[in-house]
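Chemist: sequence below, structure please.
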Amino acid sequence: MGEYQHRPVLLEEVVEALNIRPDGKYLDGTFGRGGHSRAILARLSGKGCLFSLDRDPEAVAAGKMLKQADSRFHIAQGDYAEMERYVHEWGVEEGLDGILLDLGVSSPQLDDPDRGFSFMGEGPLDMRMNPLQGVSAKEWLAEAPERELTRVFWEFGEERFARRIARSIVMTRQKQRLETTGQLARLIENTIGRREKNKHPATRCFQAIRIYINDELTQLAKGLEEAIRLLRPGGRLVVISFHSLEDRLVKRTLREAARPGKVRRNIPQHPDCKPVLKPPGHAIRPSATELSVNPRARSAIMRVAEKLV
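Modeler: Predicted structure coming up:
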């Protein structure tokens, strides 16, 4: 594996939104290659500390190198949906001053064909955030019924040709196994053609498969609940999403936690039904300057919430 030119999305905006206290305790729930983590550490004093999680073994390996260089930093391989357990294992009982969740696929994951996230190269159909756990995309595509394929493409990819693509996959796999990202991308393109000028026809299905394989929306819902519980009064939650399904879930969860008297299942509530978050402000998007140097940031949407009680 070579070195990646990693560009953390909305870096300055994240640091500002977290409102970092030099002696505070923070969590980066999606370490990636540590761009955001390093910026947070740069603003902490010797008494501050940063905890981090990632499912990807390669990301954790990069994090362990940072840990060797900075004793204020701690990392574990795990899912941010279980952050509460890890934070308690780290001995943090009084809560956190800020939590960052940078969702989606990192550039190193996209750029490595062997991970199978991108249709731009030829690689094995994997798409697992942790390639040592769970069912790969190849295994799922080989066995899933047509109805399930259709549901996943429609529900998680908002693909209007979901049924047609699902049927084509089922017919193709009767003759040969779908083994590579290139095979799947070509199958989709041959099935529905190129209908959008600047978007590959396989984009939505690749997104849908990745979300389904990694159970991303379930993990996000659970992670948001745990993050709200873990924050201290005045603590900030910063979430960067990259597609509408994620953003709608984030927006709805933050709004529900900020509405007094709205008792919602699984959303932490004050005993007197008082809001637990300040009403979140407007979404923040990358500047034109950032997009000129990092086009992959174009779909990023950042939302910020502050704990009240």
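
Chemist: give me the low-pLDDT residue ranges for the stretch 151-300 of the chain?
Modeler: Applying pLDDT under 70 to the stretch 151-300 of the chain picks out residues 260-273.

Chemist: and with 50 instead?
Modeler: For the stretch 151-300 of the chain, no stretch has pLDDT under 50.

Chemist: show me the strands in the stretch 1-150 of the chain, by range?
Modeler: 25-28, 49-54, 73-77, 96-102 (DSSP state E, counting those that start in this stretch).

Chemist: quick check, Q207 in contact with F242.
Modeler: No - at 9.1 Å, Q207 does not count as touching F242 under the criterion of CB atoms under 8 Å. Any C-beta I mention is one placed from the backbone N, CA and C, and that applies to glycine too.

Chemist: and the two? Which one has more around it.
Modeler: Higher neighbour count among Q207 and F242: Q207, with 23 against 19, using other CB atoms under 10 Å.

Chemist: tell me the contacts of the nearest residue to the more buried one once chain neighbours are set aside?
Modeler: Nearest-residue entry for Q207: G157, 5.1 Å, with adjacent residues in sequence omitted and distances by CB to CB, 6 or more residues apart in numbering. The contact partners of G157, by CB atoms under 8 Å, 6 or more residues apart in numbering, come to R204, C205, F206, Q207, A208, I209, I211.

Chemist: tell me the confidence at F119?
Modeler: On pLDDT, F119 comes in at 86.

Chemist: can you give me the helices in this protein?
Modeler: Taking DSSP state H as the criterion, the chain carries its helices at 11-18, 35-41, 57-69, 83-89, 107-111, 137-143, 146-157, 162-173, 181-192, 203-213, 216-230, 244-257, 288-293.

Chemist: need those helices in JSON lines (columns: distance to I75).
Modeler: Below are the helices of the chain laid out as JSON lines (distance: least, CB to CB, whole Å):
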{"stretch": "helix 11-18", "distance to I75": "18"}
{"stretch": "helix 35-41", "distance to I75": "8"}
{"stretch": "helix 57-69", "distance to I75": "4"}
{"stretch": "helix 83-89", "distance to I75": "10"}
{"stretch": "helix 107-111", "distance to I75": "16"}
{"stretch": "helix 137-143", "distance to I75": "27"}
{"stretch": "helix 146-157", "distance to I75": "29"}
{"stretch": "helix 162-173", "distance to I75": "38"}
{"stretch": "helix 181-192", "distance to I75": "29"}
{"stretch": "helix 203-213", "distance to I75": "23"}
{"stretch": "helix 216-230", "distance to I75": "17"}
{"stretch": "helix 244-257", "distance to I75": "23"}
{"stretch": "helix 288-293", "distance to I75": "26"}
